[in-house]
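[1] All I have is the shape, not the residue letters:
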């Protein structure tokens, strides 16, 4: 918990400098990325989504800043900006070397001059918070220490990560460029909560970079060179582990299984391909378990369960007294077994709640509308594709399985621990692009089979017509 003294309202994150810089930064960023689009995607069908997806996120960045400034009055982004300002001021008042020290070193290695520059030591002692502060400071110092500069910088990390994930999906399903663009690049909550000076843009950007890195480094090695996929993998894994470790806990095992099954499809011999499935699954699960063990050394399931129980009690009390937006999963035993029993409810709350009648505050209404859409779209895909075809597709298409494994594990984690619809709207956003992508691919499998059937029927009719027309007249 943050020190209570921090919750004094009245700390402004937006000032005159931000509003002066806003149009120049916005135009400059769009111009830079438009130039990238012309060079890299000049003749590509994806060029039409590049700038609109970026602009959508820049708008979300400004709206999020306004929300914290004029609606909430304070929030996590406020405290991150205080840390960003500490580093920026150190550069200009204590010297370049002190500023570099604060950017590159952990707090324990700071000199006395660096430690004296810190307003609240708590945020510099926490690795995940310090990562947000350092990342924001890099961009803020380029814009005279402004908040909007730091916010735009982290938003660009989020955008680049999701664009990389989109490029992976497009490499696998090029004919789905439009529906996948909406599933990955234009999800409203992702473009709103996945922006600004927060942990969320780094976590969602990191998971996108990680997926890009492992895909083009291992499965399609050489297609995009070596340097870019390697950097994407390193940066993405770093952000996934340090900023929010449970992101890595969800994506690493799923990705290892995904790659294992993808390599299975490269085996041409049908018998060997069938025999390889158990072996590759075992290897994938084994490596995934090792990665999971390494990533989760810093926390225990028992501690998470106990903390979740305490959080649920506190939020329930707060909701009853102050009319908050908390939710409850009911009474559960604070053990790993107790957690698993609540998995269906936790996944449901992350993906399909708040329901419309649970949106008691205006700020919750957009989340409720998106949750309704997610539920209706899920029902539509399920009944359109069918249960048995869905199960067949899960075992025949590794990408669908990968997206759903990550989305469901992640939804369980955030649904079980958030206990508040406001926090849940932010925490669940990494799962949504993967979940929507899986639904889009499943729906396409139904349409693709129907198209093949229609094509075959047309061939039969054409052959029959040719046969009929070829019969000589008697």
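    Great, that's in hand. Because the structure is a prediction, the values reported are computed rather than measured.
[2] quick one, what contacts residue 224?
    Contacts for residue 224 (C-beta atoms under 8 Å, 6 or more residues apart in numbering) come out as residue 216. (Glycine included, C-beta is placed from N, CA and C.)
[3] domain parsing for the chain?
    Domain assignment for the chain by automatic domain parsing gives 4-195, 303-459.
[4] could the ones you listed be laid out in CSV, adding distance to residue 246?
    Formatted as CSV, the domains of the chain follow (distance: least, C-beta to C-beta, whole Å):
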stretch, distance to residue 246
domain 4-195, 11
domain 303-459, 5
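[5] for those, which one sits closest to residue 230?
    Of all these, it is domain 4-195 that lies closest to residue 230, at 13.0 Å by C-beta to C-beta.
[6] and that closest one, how far from the chain's centre?
    Distance of domain 4-195 from the chain centroid (C-alpha atoms, centre = their mean, to the nearest Å) equals 15 Å.
[7] Include mean neighbour count when you put the domains of the chain into TSV, please.
    Below are the domains of the chain laid out as TSV (neighbours: other C-beta atoms under 10 Å):
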stretch	mean neighbour count
domain 4-195	18
domain 303-459	17
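[8] hey, least reliable of the ones you listed by pLDDT?
    Comparing mean pLDDT across those, the weakest is domain 303-459, with a mean of 79.
[9] Check the offset of it from the chain's centre.
    Centroid separation for domain 303-459 versus its chain: 14 Å, with C-alpha atoms, centre = their mean.
[10] one step back: so which of the domains of the chain gets nearest residue 233?
    The minimum distance between residue 233 and these falls on domain 4-195, with 10.5 Å, by C-beta to C-beta.
[11] Of the domains of the chain, which is nearest residue 256?
    Closest to residue 256 of these, according to C-beta to C-beta: domain 303-459, at 9.6 Å.
[12] Check whether residue 128 really touches residue 247, as I assumed.
    No. Residue 128 lies out of contact with residue 247 (C-beta atoms under 8 Å); the separation is 10.8 Å.
[13] Can you show me the helices along the stretch 1-150 of the chain?
    16-40, 47-66, 76-93, 96-104, 112-116, 121-125, 127-140, 147-172 (DSSP state H, counting those that start in this stretch).
[14] mind putting those helices in TSV, distance to residue 430 included?
    Output for the helices of the stretch 1-150 of the chain, formatted as TSV (distance: least, C-beta to C-beta, whole Å):
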stretch	distance to residue 430
helix 16-40	23
helix 47-66	15
helix 76-93	17
helix 96-104	26
helix 112-116	33
helix 121-125	23
helix 127-140	15
helix 147-172	10
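[15] Ok, which of those helices comes nearest residue 236?
    When the helices of the stretch 1-150 of the chain are compared by C-beta to C-beta, helix 147-172 sits nearest residue 236, at 6.8 Å.
[16] now the angle between helix 47-66 and that closest one, please.
    Helix 147-172 runs at 150 degrees relative to helix 47-66, counting by axes from the mean of the first three to the mean of the last three C-alpha atoms, to 10 degrees.
[17] Helix 76-93 and helix 147-172, what's the angle between them?
    Interaxial angle, helix 147-172 versus helix 76-93 (the same axes, to 10 degrees): 110 degrees.
[18] from now on call the first residue 8
    In the new count, where the first residue is 8, that last one comes out as helix 154-179.
[19] thinking again about what came up before, show me the one of the domains of the chain that comes nearest residue 247.
    Of all those, domain 310-466 sits nearest to residue 247, with 9.1 Å by C-beta to C-beta.
[20] Out of the domains of the chain, which is closest to residue 222?
    Comparing those by C-beta to C-beta, domain 11-202 comes nearest, at 4.8 Å.
[21] Look up the closest residue to residue 420, ignoring the ones flanking it.
    In space, and not counting its chain neighbours, residue 420 is closest to residue 253: 4.7 Å by C-beta to C-beta, 6 or more residues apart in numbering.
[22] about what we covered before: nearest to residue 264, out of the domains of the chain?
    Comparing these against residue 264 with C-beta to C-beta, the closest turns out to be domain 310-466 (6.9 Å).
[23] Look at residue 253 and report its pLDDT.
    So residue 253 comes in at 80 (pLDDT).
[24] Which elements pack onto the helix or strand encompassing it?
    Per DSSP states H and E: residue 253 is located in helix 252-271. Counting contacts by 3 or more C-beta pairs under 8 Å, 6 or more residues apart in numbering; DSSP states H and E, helix 252-271 is packed against helix 206-221, helix 234-249, helix 277-302, helix 405-424.
[25] which stretch in those is the model least sure about?
    Of all the helices and strands packed on helix 252-271, the minimum mean pLDDT falls on helix 277-302 (a mean of 58).
[26] The domains of the chain: which one's closest to residue 248?
    Per C-beta to C-beta, nearest to residue 248 of these: domain 11-202, 9.5 Å.
[27] circling back to that earlier point, pull the contacting residues for the residue nearest to residue 420.
    417, 420, 421.
[28] Contact partners for the closest residue to residue 96 other than its chain neighbours?
    The spatial neighbour of residue 96 that comes closest, neighbours along the chain excluded (C-beta to C-beta, 6+ apart), is residue 124 at 6.6 Å. By C-beta under 8 Å, 6+ apart, residue 124 lies in contact with 93, 94, 96, 97, 100, 101, 105, 109.
[29] which of the residues you listed lies closest to residue 177?
    residue 94 (37.6 Å).
[30] so that closest one touches residue 146, yeah?
    No. Taking contacts as C-beta under 8 Å, residue 94 lies outside contact range of residue 146: 11.4 Å.
[31] what's the helix or strand for residue 185?
    helix 184-191.
[32] what packs against that helix?
    Under the contact criterion of 3+ C-beta pairs under 8 Å, 6+ apart, helix 184-191 touches helix 54-73, helix 154-179, helix 438-477.
[33] and of the ones you listed, who's closest to residue 130?
    helix 154-179 (14.1 Å).
[34] That closest one versus helix 252-271: what angle between them?
    Here the directions of helix 154-179 and helix 252-271 differ by 20 degrees (the same axes, to 10 degrees).
[35] before we move on, the earlier item: if I look at the residue nearest to residue 96, how far off is residue 132?
    Per C-beta to C-beta, to the nearest Å, residue 124 is found 15 Å from residue 132.
[36] Kindly report the same for residue 101.
    Taken as C-beta to C-beta, the span from residue 101 to residue 132 is 20 Å.
[37] Residue 143 now?
    Computed as C-beta to C-beta, the residue 143 to residue 132 distance reads 17 Å.
[38] How far off centre is stretch 239-253?
    Stretch 239-253 has its C-alpha centroid displaced from the chain centroid by 11 Å (C-alpha atoms, centre = their mean).
[39] List the buried residues in that stretch.
    Judged by neighbour count using 16 or more other C-beta atoms under 10 Å, the buried positions of stretch 239-253 are 239-240, 242-253.
[40] out of those, who's nearest residue 51?
    Closest to residue 51 out of the buried residues of stretch 239-253 is residue 239 (19.1 Å), distances taken as C-beta to C-beta.
[41] mind listing what that closest one touches?
    Shown in contact with residue 239 (C-beta under 8 Å, 6+ apart): 171, 216, 217, 219, 220, 223.
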